[in-house]
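Q: can't give you the sequence, but here's the structure:
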């Protein structure tokens with residue numbers, strides 16, 4: 001059954017240490033990170049209970065919250081998601097065009113020479129003296 005595990009810990013050195021350990025525990029169960037302190041995964045109920053028990057034990061008597069929400073298949077298939085990756089970092093200065101769009105074949109960058117076919121010499125290789 002799909003589930004979401006969310007935790008909230010105070011900002012402190014100890015909170016950061018526990019936060020990292022909780023993330024490791026979630027990843028041990030094959031869960032995927034949604035946000036910094038939120039994970040989702042498809043776990044058997046027994047694994048959900050084990051995960052929650054390990055998270056509670058790791059938190060111990062320190063202040064914080066851990067929530068595990070099981071989500072039925074019907075509800076899970078009706079979830080709405082929107083994800084957008086960050087744009088690629090700009091390479092070079094503003095005076096130099098970004099070569100990434102051209103490399104990806106998206107246009108908008110400098111023209112790059114075609115890739116030579118197998119066995120053909122590249123321009124750099126053809127300029128070399130034997």
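A: Now that the structure is in, tell me what you want to look at. Keep in mind it's a predicted model, so treat the numbers as computed, not measured. Residues are numbered from 1 along each chain as shown.

Q: Residue 47 versus residue 74, what's the distance?
A: 21 Å (C-beta to C-beta, to the nearest Å). (Glycine included, C-beta is placed from N, CA and C.)

Q: Between those two, which is the more surrounded one?
A: Each of residue 74 and residue 47 has its neighbours counted (other C-beta atoms under 10 Å); residue 47 has more, 16 against 7.

Q: Quick check: closest non-adjacent residue to the more buried one.
A: Closest residue to residue 47 apart from its sequence neighbours, by C-beta to C-beta, 6 or more residues apart in numbering: residue 29 at 6.0 Å.

Q: Might one say that the one you found is in contact with residue 41?
A: Yes - using C-beta atoms under 8 Å, residue 29 and residue 41 qualify as a contacting pair, with a distance of 6.2 Å.

Q: shared neighbours, these two?
A: Common neighbours of residue 29 and residue 41 are not found (criterion: C-beta atoms under 8 Å, 6 or more residues apart in numbering).

Q: ranges for the strands of the chain?
A: 2-8, 32-35, 38-42, 65-71 (DSSP state E).

Q: got the buried residues for stretch 34-47?
A: Going by neighbour count (16 or more other C-beta atoms under 10 Å), the buried part of stretch 34-47 is 37, 38, 39, 40, 41, 43, 47.

Q: looking at the chain, which helix or strand does the model trust least?
A: Counting by mean pLDDT, DSSP states H and E, the chain has its least confident helix or strand at helix 123-127, which shows a mean of 52.

Q: measure residue 19 to residue 70 for me?
A: Applying C-beta to C-beta to residue 19 and residue 70 gives a distance of 23 Å.

Q: check contacts around the residue nearest to residue 47.
A: Residue 29 neighbours (C-beta under 8 Å, 6+ apart): 41, 43, 47, 50, 51.

Q: one more time with 7 Å
A: 41, 43, 47, 51 (C-beta atoms under 7 Å, 6 or more residues apart in numbering).
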